[in-house]
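Chemist: Sequence plus predicted model, see below.
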Amino acid sequence: MSSLDTAFYYRPGDHDSELLMLRRHDNGLYDYVVGLITNRMEKSALANMTPGEDFVRAIRPASRGYGYMEKDGRPFNCNVFGEILGPRYGTLMTARYNHFPGEDRFNPIPLRDSNRSTKGIIVIGCPSFATPMLADAWYNQLTTAVQLREYDAMWERETGSVPRAGAKEFVKNTDNPKDPDVEPDCMVLTGPPMYMVPPQGTQSLPTSNTPSEPPASPRNNMKKRRIGSSGESISVKNETQKAPTSSSTGPPTSSISSSGSKTTASSLKVYPSGDQIFVGATYDPRLQLDYGGQGFAQVHARLVQPDFRDVSQRLICPWEFYDKLRPGTLIMANIDISVFIIEGRKIYHANILSLRVLGDSDVPVDKPRPFQTPSVVPSGPSGDSFNNFEIPDFRGNTDETEPDTPLSDSQQPATPATHAQPSRPTTSSGSSSDTIDDTGTSDLQEETFVDLAMLTDDVLTDFDVVDVDSDKQNGSAKGKGKGKGKKTSR
């Protein structure tokens, strides 16, 4: 299995490595996490809380849903932990995040500036090779999430507000994600919005990681003069520092290709460092390794730095997610819980307020690349070989014109009496019904037989299923095939 497949299908326990096994040693990482949850965090850990006792429902004005608060009126938030699962189970930390590109891989729906709620999704499960105490703490987290839904359901029955379309919780079972009656084994965490459009970005395309400078004008060109130097300007500290910045560290020029994607004149990327990296900082989206191609049509959007930190408490930049938040990473997140009511269905979100890596992972991953839209090929090698041959003439003399003069009795072929065939009439004398019977019946019967065969249940079923699947994939309302076969003639 390739590294890409290993990461994509990863579930805790799939990767046997010394780094992951070290976590469960005595007085190791797992014992430390258990101590945090049971002793230090107490009621701030989701595993130790009970809905209705430690926190209650809180109506949010001008909102389509509600949230939760502590009984003393403070906003509710809590801490959860777990190990990151692969994208197969819902983790979405690419440059596209949770944006849905549609089902047509040849014409994906691009990510635009208007998609401001694009968020990362992290699915966590019970850590690999967990100790019994850590497994119990993980189980208690899931139990609290299940009790939360029971707490809301009781309130719905009392008030007569049962959602007609059910509920989608933030816990699920990896093998049966759509079955609400199966015991959950993972938790879905929703990150903050990853893109934003600054007010000044609606006028011009940002060309660097710093705010664009105002256009040159007489006012902006004013410089201090040396006293008594007849108008000669002097250099100031800000001027000397600004010159090399604009010439040596500026990003490559960009342009918009015919397909709508942004291209750079050079592969050089200038990454921020030091004081340029802080929570809420905005960056050029193109710094992400898999950003670009037909799936992106953003013009003014900027990439936002979330409060995600590694083991050393250093911020994890978005272009480092693939490495520092790879599957198998043990994390702890501070979350709050929101409930949205959309078309009669309740949707629960566990929103990440901040995240910290507790243990690194060595699950192999590949460096991400921009998605390449597959090209449409009219026919492959099999199509060429199917069309590039001619059928030789195997008919012999069967198409030779019969002589007008009837054969004599001595020239007639001798045939057994039991298989005697009537000779074809050579004159127009005789009834028209005889002529039809002799010349057209066999062809007409064969045409009818072929047409009926094409209308059998098996053929109609297969043909309609293909059309329905195709309609779903293309997202267009195409008419189903009638299933009629073409008539063949001899």
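Modeler: Great, that's in hand.
Chemist: quick one, what contacts L20?
Modeler: The contact partners of L20, taken as C-beta atoms under 8 Å, 6 or more residues apart in numbering, are S128, F129, G328, S361, D362. The C-beta positions use only the backbone N, C-alpha and C, and glycine is treated the same way.
Chemist: pLDDT below threshold where in the stretch 151-300 of the chain?
Modeler: Where the stretch 151-300 of the chain drops to pLDDT under 70, the residues are 200-216, 229-267.
Chemist: where along it do the helices fall?
Modeler: With helices called from DSSP state H, counting those that start in this stretch, the stretch 151-300 of the chain shows them at 237-248.
Chemist: Strands of that one, start to end?
Modeler: For the stretch 151-300 of the chain, the strands defined by DSSP state E, counting those that start in this stretch occupy 167-168, 171-172, 186-193, 195-196, 254-256, 262-264, 282-283.
Chemist: right, so of the ones you listed, which gets closest to E53?
Modeler: Of all the strands of the stretch 151-300 of the chain, the one in closest proximity to E53, counting by C-beta to C-beta, is strand 171-172 (19.6 Å).
Chemist: Can you give the domain ranges for this protein?
Modeler: Using automatic domain parsing, the domains assigned to the chain come out as 3-195+305-359, 448-490.
Chemist: can you redo these as CSV with distance to R286?
Modeler: Shown next, in CSV, are the domains of the chain (distance: least, C-beta to C-beta, whole Å):
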stretch, distance to R286
domain 3-195+305-359, 9
domain 448-490, 29
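Chemist: tell me the most buried of those?
Modeler: Mean neighbour count (mean count of other C-beta atoms under 10 Å) peaks for domain 3-195+305-359 among those, with a mean of 17.
Chemist: Show me what L111 is bridged to.
Modeler: Taking DSSP bridges, one obtains F296 as the residues bridged to L111.
Chemist: one step back: among the domains of the chain, which is nearest I277?
Modeler: Comparison of the domains of the chain against I277 by C-beta to C-beta identifies domain 3-195+305-359 as nearest, at 5.6 Å.
Chemist: circling back: worst mean pLDDT among the domains of the chain?
Modeler: For the domains of the chain, the weakest mean pLDDT is recorded on domain 448-490, namely a mean of 41.
Chemist: hang on, the earlier thing: quick one: which of the domains of the chain is nearest Q294?
Modeler: Relative to Q294, the nearest member of these by C-beta to C-beta is domain 3-195+305-359, separated by 6.1 Å.
Chemist: possible to save the strands of the stretch 151-300 of the chain as a markdown table with distance to R116?
Modeler: Shown next, in a markdown table, are the strands of the stretch 151-300 of the chain (distance: least, C-beta to C-beta, whole Å):
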| stretch | distance to R116 |
| --- | --- |
| strand 167-168 | 22 |
| strand 171-172 | 26 |
| strand 186-193 | 6 |
| strand 195-196 | 7 |
| strand 254-256 | 21 |
| strand 262-264 | 19 |
| strand 282-283 | 13 |
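Chemist: and of those, who's closest to Y291?
Modeler: Checking the strands of the stretch 151-300 of the chain against Y291 by C-beta to C-beta gives strand 262-264 as the closest, at 8.8 Å.
Chemist: Span of stretch 286-295 from start to end?
Modeler: 13 Å (C-alpha to C-alpha, to the nearest Å).
Chemist: Excluding covalently adjacent residues, which one is nearest to Y322?
Modeler: Excluding the flanking residues, the one nearest Y322 by C-beta to C-beta, 6 or more residues apart in numbering is P368, at 5.2 Å.
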